[in-house]
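Asks: 3D model of this:
(one chain, ligands or ions: 2)
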Amino acid sequence: MSKLKIAIQKKGRLHESSLKLLRTCGLKIGNSTSKLKTQVQNFPLEILFLRDDDIPKYVQQNIANIGIIGENEVLENEVNVDIALKLGFAKCRLSLAIPRQTDYESISFFSNKKIATSYPKILARYLKDNHLTAVVEEISGSVEIAPGIGLADAICDLVSSGSTLQMNGLKEVETILQSQAVLISNIGLSDEEVKVLDQLKFRINAVKAARKNKYILLNAPNDSINKIIDILPGMRSPSIIPLADPGWSSVHSVVNEEDFWNVIEKVKSLGAEGILVSSIEKMIV
Ligand code: ATP
Ligand code: MG
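Replies: Ligands and ions are numbered 1, 2, ... in the order given. You can find the predicted model right below:
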């Protein structure tokens, strides 16, 4: 079976979550991530540890066949790679921010202003799409201090909670794009390589589905079972197991985390008792 090379961030925000995802997929990865590369012991995969800015290029050139990277880097590097899967972590947005006290009415504010960013290409495209002329000042880090030190009037930077902006006296006024970690792949993989990628995608999807769902067990009086089944659709349908106490059954099902509390309240009001909830490790639908 052919072996794939996957590039992940050597250190930084994506490093831990990328390794954790691969490990949750059952891959045995040694602990010595200080090395430049490491072999996965039980899956045809070699891991390369790289700077995140370099990963899109390396995947385009097939030096790494696949990689885990923020969507923002894929867009900034203007590379031609496939986005194989969205991974659901490292969620953030690329936004424009200005000093808190500055009045802001519309995007025309940025006309002829100086904007500091580490994402000059995305910003230039955004300005062009909005028919604005502004000076793009490219800096590689600590973008949020640029207005405070007189380097720029505004910044274009990644935001998640917004606390960094707040600490630096800035306010977010426009969102340019939303980003999250993605699995990218070279566009010319061989059939054999695609097979390995598909196996990895299958496992990642099982982990992602499991993270989004909870396993729920409850006891319910038989006369409200039908109503409870309507609320708890489950994967196919819930399992109903009679309890030793006649008139009662145990119901087992899977609930999406998003409507979880809503579901719990409804089943409780229908007489459900002894509700147990646990996380799911893998889920194959
Ligand atoms: P490297 O040394 O590998 O070049 P870096 O400093 O460029 O690392 P990090 O700060 O580790 O990059 O961020 C990596 C990615 O994490 C970003 O490209 C982005 O996709 C994601 N991310 C998620 N939330 C945030 C945030 N609040 N600020 C910055 N990046 C974030
Ligand atoms: Mg970087």
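Asks: contact residues of the chain facing ligand 1?
Replies: With the criterion set to Cβ under 6 Å from any ligand atom, the chain comes near ligand 1 through 9, 12-14, 51-53, 70, 72-73, 90, 92, 158, 160, 179. Quick note: C-beta positions are derived from backbone N, CA and C, even for glycine.
Asks: confidence score at the residue of the stretch 51-200 of the chain found nearest ligand 1?
Replies: Closest to ligand 1 within the stretch 51-200 of the chain is Gly70: 2.0 Å, counting by Cβ to the nearest ligand atom. Per-residue confidence at Gly70 stands at 98 (pLDDT).
Asks: and if you look at the one 10 residues further on?
Replies: Confidence per residue is given as pLDDT, and for Asn80 that number is 97.
Asks: cool, Thr33 as well?
Replies: For Thr33, pLDDT reads 60.
Asks: sorry, back to before: look up how far Asp52 lies from the nearest residue to the residue of the stretch 51-200 of the chain closest to ligand 1 once chain neighbours are set aside.
Replies: Using Cβ to Cβ, 6 or more residues apart in numbering and skipping the chain neighbours, the partner closest in space to Gly70 is Ser179 (5.3 Å). For Ser179, the distance to Asp52 equals 12 Å [Cβ to Cβ, to the nearest Å].
Asks: mind listing the shared neighbours of those two?
Replies: Common contacts of Ser179 and Asp52, defined by Cβ atoms under 8 Å, 6 or more residues apart in numbering, comprise Gly70.
Asks: tell me the contacts of Ala152?
Replies: 113-116, 137, 146.
Asks: Asp153 now?
Replies: 98, 113-115, 147.
Asks: in three-state terms, label Ala209 for me.
Replies: Assigned with DSSP: H, G, I helix; E, B strand; the rest coil, Ala209 falls in the helix class.
Asks: surely it and Glu281 touch.
Replies: No. With contact defined as Cβ atoms under 8 Å, Ala209 does not count as touching Glu281 (10.8 Å).
Asks: in terms of neighbours, single out the busier of those two.
Replies: Each of Ala209 and Glu281 has its neighbours counted (other Cβ atoms under 10 Å); Ala209 has more, 17 against 11.
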